[in-house]
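Asker: Here is a sequence together with a model predicted from it:
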Amino acid sequence: MRWSMLALLLLTCSQMFAQRSGDICPQNADRRQDDVTANPVPTVDPKLFIKRRYRSPRVLFSEQPPDSEPAGHQTRSRAKRKAGAPQHRGVYSVCESVSTWEGNKTKATDISGNEVTVLPDVIINNSKKKQYFFETTCSSGRTGGSGCLGIDARHWNSYCTNSHTFVRALTSFKNLVAWRLIRIDVACVCVLSRKSWRQ
């Protein structure tokens with residue numbers, strides 16, 4: 001019984017390949033490839049954005065660039081207490097940073113270390129929207145060789161560098177469009193090391 005099923009399967013496969021002129025790939029694969037090139041902007045089901053795991057304050061799908069910081073990132077001011085004369089203290093960052101909405105991201109590194117293609121545009125509810133990322137990077141003047149602000153350069157080596165996190169984004173990798181965790185810049189931090197360990 002097993003041999004007869006195997007022989008029937010082998011006969012069916014050989015007939016299928018004999019009908020094709022040397023092409024062992026399915027014919028509908030060519031049709032799918034034509035569809036992808038004809039419509040390079042993928043359509044996304046809006047129900048996906050209801051799921052909490054796909055929402056991030058640092059990723060936004062919009063027709064135009066956002067003009068404000070994401071919710072939860074804005075600095076909140078509160079009333080200061082006064083106990084006599086003002087002391088003129090301030091809170092300063094040791095590394096100057098710039099925060100912007102980035103809409104031209106084409107490549108990114110996913111959580112597995114693969115370089116993936118970020119989809120710049122998607123269609124949601126029959127509307128073409130761009131994928132924006134809120135990124136914070138070090139100011140160009142403070143990266144690399146110059147030290148952090150307010151650090152005692154006699155005893156400490158310091159430099160400012162970008163810190164990263166992973167957010168969900170619509171990406172393409174090996175012709176598969178999917179949500180993936182990609183790395184974006186979220187802060188500018190100071191790296192310290194002692195100049196001498198002897199005191």
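Answerer: Yep, it's here. Residues are numbered from 1 along each chain as shown.

Asker: only C-alpha atoms for contact and neighbour calcs from this point on.
Answerer: Will do.

Asker: what about the helices in this structure?
Answerer: 2-19, 27-38 (DSSP state H).

Asker: Among those helices, which one carries the weakest average confidence?
Answerer: Here the lowest mean pLDDT among the helices of the chain goes to helix 27-38, at a mean of 40.

Asker: Flag the shaky bits of this structure, pLDDT-wise.
Answerer: Low-confidence segments of the chain (pLDDT under 70): 1-39, 49, 52-54, 71-88, 141-146, 197-199.

Asker: Strands of that one, start to end?
Answerer: For the chain, the strands defined by DSSP state E occupy 43-44, 59-62, 97-102, 107-109, 115-118, 121-124, 127-138, 156-173, 176-194.

Asker: Test my guess that Leu192 contacts Ser158.
Answerer: Yes: between Leu192 and Ser158 there is a contact under Cα atoms under 8 Å: 4.6 Å.

Asker: Between the two, which has more neighbouring residues?
Answerer: Between Leu192 and Ser158, counting by other Cα atoms under 10 Å, Ser158 is the more crowded of the two (21 against 14).

Asker: Pretty sure the more buried one sits against Asp152.
Answerer: No: look at Ser158 against Asp152 with Cα under 8 Å: they stay out of range, at 9.1 Å.

Asker: Now Gly90. Its backbone dihedrals?
Answerer: Gly90 adopts backbone torsions of phi -140, psi 160, taken as degrees, to the nearest 10.

Asker: hey, what's Ala169 bridged with?
Answerer: Bridge pairing for Ala169 (DSSP bridges) gives the partners Arg180.

Asker: give me the number of residues near Gly113?
Answerer: Gly113 - counted by other Cα under 10 Å - has 10 other residues nearby.

Asker: Ignore what I typed, I meant Asp45.
Answerer: Number of residues near Asp45 (other Cα under 10 Å) recorded here: 10.

Asker: hang on, it packs against Asn126?
Answerer: No: using Cα under 8 Å, Asp45 makes no contact with Asn126, being 10.1 Å away.
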